[in-house]
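>>> give me a 3D structure for the following:
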Amino acid sequence: MNKVGIVGGLGPESTVDYYQSIISNYQERLGKKEVLPELFINSISMYQVFDYISNDDLDGLVTYLSDAVKKLEAVGADFAIISANTPHLVFDRVQQQVKIPMISIVEETYQQAEKKGLDRLGLLGTKFTMEHDFFKKAFTSRDKEIVVPDQSEQQYIHETIVEELENGIVNQETKAEYLAIIQRLIEEENIQGVILGCTELPMIIKEDDVDLPQLNTTGIHVHKVVETILAIDL
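Modelled structure (predicted):
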């Protein structure tokens with residue numbers, strides 16, 4: 001059985017969700033409650049990550065994340081994940097700096113889009129995820145289209161993620177605004193599905209809120225993590 005190392009704290013609310021979801025998914029896969037996976041969590045600062053990106057210090061971000069993964073290596077993790085979308089901006093560079101394999105939330109989300117036959121998707125996340133091309137590239141390089149909200153919508157989504165969701169606050173007015181943005185993308189951009197490209201978004205957008213496929217990046221990531229713990233599909 002493989003042990004996963006989780007770079008968490010990005011933010012704390014989604015790290016709790018990862019922990020609980022990995023356990024419940026693991027128990028479900030084995031068909032019993034009296035089992036628990038062994039895992040390690042290294043909780044770092046999402047604010048430090050945001051500062052590195054805001055200051056365009058990607059070298060600093062690579063070092064910060066690589067050091068976090070190396071600590072997980074040192075305590076015995078067999079593979080690692082970063083439990084957030086935004087830090088995947090430098091995922092490939094971090095993987096090159098560490099010894100253990102890592103599972104990309106972006107790549108796993110692409111694979112789910114492919115399985116579902118979705119070729120034009122809306123992407124919601126932090127402004128860094130929506131502005132940069134690290135998420136989009138995995139799709140557009142393989143003939144899928146990614147559509148993001150307009151600049152004012154991006155700013156609203158980012159601010160409410162940081163100020164509300166990252167602090168465990170679920171505001172129904174914010175939810176209504178998110179759903180209105182998604183509806184606009186459906187009507188004006190003809191999206192076939194929506195990527196919840198921030199690991200906090202499933203706190204506020206639920207599966208039955210939108211009448212089109214959702215790619216919940218947290219759930220997708222967790223599913224692959226449990227498969228890897230169980231040495232399935234390696």
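>>> quick one, phi psi at the residue in the chain sticking out farthest from the centre?
The centre of the chain is farthest from one residue, Glu34, which by Cα atoms, centre = their mean lies 28.5 Å away. Glu34 has phi and psi values of phi -90, psi 30 when expressed as degrees, to the nearest 10.
>>> repeat for the one 10 residues further on
In terms of degrees, to the nearest 10, the main-chain angles of Ile44 are phi -110, psi -170.
>>> list the contacts of the residue lying closest to Asp143 once chain neighbours are set aside.
Distances taken as Cβ to Cβ, 6 or more residues apart in numbering place Asp119 nearest to Asp143, at 7.3 Å, with adjacent residues excluded. C-beta coordinates here come from the backbone N, C-alpha and C atoms, glycine included. With contacts defined as Cβ atoms under 8 Å, 6 or more residues apart in numbering, Asp119 is in contact with Ala113, Asp143, Lys144, Glu145, Gln192.
>>> farthest pair in those?
Asp143 and Gln192 (13.6 Å; Cβ to Cβ).
>>> which of the two has more residues huddled nearby?
Legend: neighbour count by other Cβ atoms under 10 Å for Asp143 and Gln192, higher for Gln192 (17 against 7).
>>> separation between that one and Leu121?
Applying Cβ to Cβ, to the nearest Å, the value for Gln192 to Leu121 is 7 Å.
>>> same deal with Ile53?
With the distance defined as Cβ to Cβ, Ile53 ends up 23 Å from Leu121.
>>> the two: which is more packed in?
Just comparing Ile53 and Leu121: by other Cβ under 10 Å the higher neighbour count belongs to Leu121, 27 against 21.
>>> so where does that one fall, helix or strand?
Here Leu121, judged by DSSP states H and E, is contained in strand 120-124.
>>> name the strands paired with that strand and say parallel or antiparallel.
In the sheet, strand 120-124 lines up against strand 145-147 (parallel), strand 193-196 (parallel) (DSSP bridges).
>>> for the longest one, C-alpha coordinates in CSV please.
Output for strand 193-196, consisting of C-alpha atoms alone and laid out as CSV, is shown next (Å, rounded to 0.1, in the frame of the first residue of the first chain):
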residue,chain,number,x,y,z
GLY,A,193,-19.4,21.7,-18.8
VAL,A,194,-17.8,23.7,-16.0
ILE,A,195,-14.5,23.1,-14.2
LEU,A,196,-14.5,23.9,-10.5
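>>> so after it, what's the next helix or strand?
Strand 193-196 is succeeded, C-terminally, by strand 214-216 (DSSP H and E).
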